[in-house]
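Trainee: give the three-dimensional model of this entry:
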Amino acid sequence: QLVESGGGLVQAGGSLRLSCVASGFNFDGYAIGWFRQAPGKQRELVGYIGTDGTTDYADFVKGRFTISRDNAKNTMYLQMNAMKPEDTATYYCNGAVVRGIPVGYWGQGTQVTVSS
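Mentor: As a prediction, the model looks like this:
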């Protein structure tokens, strides 16, 4: 099970931190990632973090978003800075990501809205 939290309304240029808490599987044995889906659009990769802490990001968030994980807490984070209206979407975490492809369980999502 994965549960996201931390979404909300923020002004352009502001920051939010999302959390994804995992339970019921070997959290620290997988690369895990964040995805987002805006209305009328396909779900897309935001970025993911490997078991060794290495990260990879979509070009549209590089330099603004940071993914981290705390294996002791079975939690992954997404720190979002310098946010833009186009970041508005529902953000989901996935419990297993292979070369950017989600293959694990999904959380229920958390809504992020960025006002201009």
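
Trainee: once you drop chain neighbours, what's closest to residue 15?
Mentor: In space, and not counting its chain neighbours, residue 15 is closest to residue 81: 4.8 Å by CB to CB, 6 or more residues apart in numbering. All C-beta spots, glycine's among them, are computed from the backbone N, C-alpha and C.

Trainee: so that neighbour sits against residue 61, correct?
Mentor: No - counting by CB atoms under 8 Å, residue 81 sits too far from residue 61 to count as a contact (9.8 Å).

Trainee: picking that back up, what sits against the residue nearest to residue 15?
Mentor: Residue 81 makes contact with 15, 64-66, according to CB atoms under 8 Å, 6 or more residues apart in numbering.

Trainee: out of the residues you listed, who's the most crowded?
Mentor: Neighbour tally across those (other CB atoms under 10 Å): the maximum, 22 neighbours, falls on residue 65.

Trainee: can you name the residues bridging to the residue lying closest to that residue once chain neighbours are set aside?
Mentor: Nearest residue to residue 65 in three dimensions, chain neighbours excluded: residue 80, at 5.1 Å (CB to CB, 6+ apart). Counting by DSSP bridges, residue 80 forms beta bridges with residue 16, residue 65.
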